[in-house]
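Peer 1: Here is a sequence with its predicted model. Questions after.
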Amino acid sequence: MVLSVKTLRADGIETRARLKEEAQRLFALRGIDGVSVQDIVSAAEQRNNASLRYYFGNKLELARELVVDGARIVDEIRQAMLDTLEREGNLTLPSVMDALTLPLLELSERTGQATYIRMIANLQLNNRAFLREALADKWNTGYKRCFAHLAQLLPDIPEPILAQRLTLAGNIYGNAVWAAWESSKDSEDGSRFWASRYAISNVMDTLQGVLETPPSARTLALIDAQPASRKAAAAGGKRQRKA
């Protein structure tokens, strides 16, 4: 008896890729909740909804695969850049910011990934729990390495302020601005902002500025006022656990 092994034919591989590309584009524009299985199937010019179920199981599994596909590539590029910087002893604020940012921009230039940043920005805003679950703390090793180096390079910024700024520059501000850059490639009017040779470098300067700008006296005063209550709460929690 000959056992049959299920393999994808060339047309199946093409169909699967088409479904993924159209799903990513729609998720980028509308978010996961705003896109139906029928929307994806129709955009991919398939005949019925069974094609998506056949290749991915359901819409969320498809979205999860899209998130991981891009995250894996970005992490590989980012870690390779960091390895080089560490080996050459070239860990500076601009070089680490490059390692944090440029892999994402490189991914967006690849075939089938032209809407990845916008999809991630949408998920970060509307489906953050799903995004974290999809990444499963597995494809962000390079991201964490960047943040560790940045913390060492910015010792004068208080730890709670730097932690918040890293989230702003690496996720909230960063995702928003690079989603705008990615979107500009689809619009002649939008691309004018990015037309100059210095545009990306200038934006990266502003993200670096988010990290290194000295906190104001007002912010520092609020930091000094906040830890007291937190320490008291933590001390109370420790006493309860000992009891």
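Peer 2: Thanks, I have it.
Peer 1: So, low pLDDT: which residues of the protein?
Peer 2: 1-11, 188-190, 226-243 (pLDDT under 70).
Peer 1: Just give me the residue right at the centre of it.
Peer 2: With distances taken as CA atoms, centre = their mean, residue 120 lies nearest the centre of the chain, 5.5 Å away.
Peer 1: which SSE is that residue in?
Peer 2: helix 116-126 (DSSP states H and E).
Peer 1: Repeat that for residue 107.
Peer 2: Going by DSSP H and E, residue 107 is part of helix 93-108.
Peer 1: what does that helix rub up against?
Peer 2: 70, 73-75, 77-78, 81-82, 85, 113-114, 116-117, 142-143, 146, 149-150, 153-154, 169-170, 174, 178, 181-182, 200, 204, 207-208, 211-212 (CB atoms under 8 Å, 6 or more residues apart in numbering). Yep, even glycine has a C-beta here, placed from its N, CA and C like the rest.
Peer 1: just the buried members of those?
Peer 2: 70, 73-75, 77-78, 81-82, 85, 113-114, 116-117, 142-143, 146, 149-150, 153-154, 169-170, 174, 178, 181-182, 200, 204, 207-208, 211 (16 or more other CB atoms under 10 Å).
Peer 1: Restricted to helices, list those residues.
Peer 2: 70, 73-75, 77-78, 81-82, 85, 116-117, 142-143, 146, 149-150, 153, 174, 178, 181-182, 200, 204, 207-208, 211 (DSSP state H).
Peer 1: Return the set of buried residues in the helix or strand hosting residue 161.
Peer 2: Per DSSP H and E, residue 161 falls inside helix 159-167. By neighbour count on 16+ other CB under 10 Å, the buried set for helix 159-167 is 161-162, 165-166.
Peer 1: which residues touch the next helix or strand after the helix holding residue 120?
Peer 2: Following helix 116-126 in sequence order, the next helix or strand is helix 128-135 (DSSP H and E). For helix 128-135, contacts defined as CB under 8 Å, 6+ apart pick out 32, 60, 63-64, 67-68, 71, 120, 123-124.
Peer 1: These, buried ones only, as a ChimeraX selection?
Peer 2: Here is the ChimeraX selection string for the buried members of these, based on 16+ other CB under 10 Å:
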select :32,63,64,67,71,120,123,124
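Peer 1: In a markdown table, list the contacts of helix 128-135 along with distance to residue 103.
Peer 2: Formatted as a markdown table, the contacts of helix 128-135 follow (distance: CB to CB, whole Å):
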| residue | distance to residue 103 |
| --- | --- |
| 32 | 24 |
| 60 | 26 |
| 63 | 21 |
| 64 | 20 |
| 67 | 15 |
| 68 | 15 |
| 71 | 10 |
| 120 | 13 |
| 123 | 18 |
| 124 | 17 |
